[in-house]
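Colleague: compute the structure for the input listed below.
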Amino acid sequence: MKILVVEDSSSMRAYLTTIIEGGTESYDLEIVEAASGFEALKTLPHHTFDAILTDINMPDINGLELVSFLKNHPVYKTIPIMVISTESSDEDRKRAAALGAEEYLVKPFQAGELIEKLRRLLKVA
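Modeller: Below you'll find the model as predicted:
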């Protein structure tokens, strides 16, 4: 399985990667990192992803714009997406869901929450 982590904070990308690797050690998993929505768009044609995790607040293309692009693109629209953000309002959650994000996780979060949502996203036990 291959996961794309889109997050402008290098420390948060490293934290997410560490949690995912630690919580999914029984799976053959590869994590690809992108520091922005634009970098994610440049990365997409070179990989086949099983899931995408994205922040909302990023320079250039934000996470919601990325979700919208992916869910309206014939090649990428079936990739499950989790938004991970400090934005915690119901409005933000509803907007992400309306654009097509399947999961939403608010920072700060517990490692177990991330793994639980990721397993649901990937449809693994």
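Colleague: what sits against the residue lying closest to Pro59 once chain neighbours are set aside?
Modeller: Closest residue to Pro59 in three dimensions, ignoring its sequence neighbours and counting by Cβ to Cβ, 6 or more residues apart in numbering: Ser36, at 5.8 Å. (Glycine included, C-beta is placed from N, CA and C.) Contacts here follow Cβ atoms under 8 Å, 6 or more residues apart in numbering; on that basis Ser36 touches 6, 8, 58-61.
Colleague: same list (the residues you listed) but as a markdown table, adding distance to Lys117.
Modeller: Formatted as a markdown table, these follow (distance: Cβ to Cβ, whole Å):
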| residue | distance to Lys117 |
| --- | --- |
| Val6 | 16 |
| Asp8 | 21 |
| Met58 | 20 |
| Pro59 | 25 |
| Asp60 | 26 |
| Ile61 | 23 |
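Colleague: most neighbours among the residues you listed, which one?
Modeller: Neighbours here mean other Cβ atoms under 10 Å. Within these, the largest count is held by Val6, at 29 neighbours.
Colleague: touching stretch 51-61 from outside, list them.
Modeller: The list of residues contacting stretch 51-61 from outside it, by Cβ under 8 Å, 6+ apart, reads 1, 3-9, 12, 16, 36-38, 40-41, 62-64, 66-67, 69-70, 79-87, 92, 96, 118, 121-122.
Colleague: going by residue numbers, what spans are strands in the protein?
Modeller: Under the criterion DSSP state E, strands of the chain are mapped to 2-6, 30-34, 51-54, 81-85, 103-106.
Colleague: ok, now how distant is Gly37 from Val106?
Modeller: Spatial separation of Gly37 from Val106 under the definition Cβ to Cβ, to the nearest Å is 19 Å.
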